[in-house]
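[1] Quick one, fold the following:
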Amino acid sequence: MCLEYFKWAKDVCLDPKKNTKKDYKYGEFIKRLATVSLVSGIALTVMTILAFSTEISAGDSVAWYTAFIFVPIYIAAAAIGPFINGAIYHFFGKIVFRLMKGDYKKTYNSAAYMDMPSFLFGWIPLIGGIVTAIWGIIIGMHAFSNQHKITRQRALIVVLTPMAIGIVIFLMLAIFAYDYISPLMGPELPDY
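    Alright, predicted model coming up:
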């Protein structure tokens with residue numbers, strides 16, 4: 001069963017146009033995502049143990065906790081992430097912009113498909129962040145198009161709008177932090 005889930009994840013990542021059409025029940029998708037994310041969590045644990053081997057051998061408890069936190073975090077993200085992402089995409093795609101036709105379950109399926117690259121390859125340095133994010137957008141576009149029976153252009157708008165809003169909010173918070181919180185820290189920070 002575990003190998004079947006990895007073959008399924010590979011198929012979704014390699015041919016999202018064809019392999020994001022199936023409508024899964026919540027529990028089945030959680031089981032599949034948790035199984036795939038378990039390997040990423042274990043890989044990150046091994047990488048952390050190798051990176052902090054000196055601290056771990058010295059008995060540093062923080063290094064131990066850091067090393068073994070990735071497996072539960074990845075499994076929790078696989079179980080909870082698509083529900084939260086699905087709610088955000090559903091809010092913008094169905095309620096705000098009225099671009100989608102399906103119900104929340106189809107949005108959940110699309111969000112879960114979209115998370116597949118990060119759960120499969122998220123543990124790889126550099127590639128895990130940049131490439132999986134871009135590939136997740138491509139898979140998300142096909143998944144929303146297939147699940148909600150909308151054009152790929154509309155699906156791309158549904159996928160990119162929450163991301164763009166999130167980036168704008170992040171930049172506003174960063175500017176606020178630099179302008180208003182950094183002066184409270186004292187003269188240690190360089191003034192550019």
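
[2] shaky segments in the protein?
    By pLDDT under 70, the low-scoring segments of the chain are 182-183, 185-192.

[3] What segments of it are helices?
    For the chain, the helices defined by DSSP state H cover 2-14, 16-19, 26-51, 53-57, 61-68, 70-90, 104-121, 130-148, 152-176.

[4] Tell me which of those helices sits nearest to Phe97.
    The closest of those to Phe97 is helix 152-176. By CB to CB, the value is 7.0 Å. Glycine gets a C-beta too; all of them are placed from N, C-alpha and C.

[5] Flag every buried residue along that closest one.
    Neighbour-count burial for helix 152-176, counted by 16 or more other CB atoms under 10 Å, picks out Arg154, Ala155, Leu156, Ile157, Val158, Val159, Thr161, Pro162.

[6] if I pick the residue most central in space within the chain, what's in contact with it?
    By CA atoms, centre = their mean, the chain has its centre lying nearest to Asp115, at 4.7 Å. By CB atoms under 8 Å, 6 or more residues apart in numbering, the contact list for Asp115 reads Leu33, Ala78, Gly81, Pro82, Asn85, Gly136.

[7] rerun at 6 Å
    Gly81, Pro82 (CB atoms under 6 Å, 6 or more residues apart in numbering).

[8] Distance check, it against Gln153.
    22 Å (CB to CB, to the nearest Å).

[9] ok, now Ala133?
    Distance from Ala133 to Gln153, by CB to CB: 20 Å.

[10] Then Cys2?
    Distance from Cys2 to Gln153, counting by CB to CB: 37 Å.

[11] What of Lys17?
    Taking CB to CB, one finds Lys17 at 14 Å from Gln153.

[12] same check, this time on Gly86
    The gap separating Gly86 from Gln153 is 21 Å, by CB to CB.

[13] Check Leu99 too.
    10 Å.

[14] and if you look at Leu38?
    From Leu38 to Gln153 the distance is 36 Å (CB to CB).

[15] and what of Ser37?
    31 Å.

[16] Then Phe119?
    Using CB to CB, Phe119 is found at 27 Å from Gln153.

[17] dump the residue contacts of Ser40.
    Ser40 touches Tyr74, Phe119, Gly122, Trp123, counting by CB under 6 Å, 6+ apart.

[18] right, and the first one touches Gly41 too?
    It stands for Tyr74. Yes. Assessed by CB atoms under 6 Å, Tyr74 is found in contact with Gly41 at 3.6 Å.

[19] The two: who's more crowded?
    Between Tyr74 and Gly41, counted using other CB atoms under 10 Å, Tyr74 has the larger neighbour count: 27 against 24.

[20] what's near enough to touch the more buried one?
    Tyr74 touches Ser37, Ser40, Gly41, counting by CB under 6 Å, 6+ apart.

[21] Distance check, it against Leu38.
    From Tyr74 to Leu38 the distance is 7 Å (CB to CB).

[22] And for Lys21?
    Between Lys21 and Leu38 the distance is 25 Å, computed by CB to CB.
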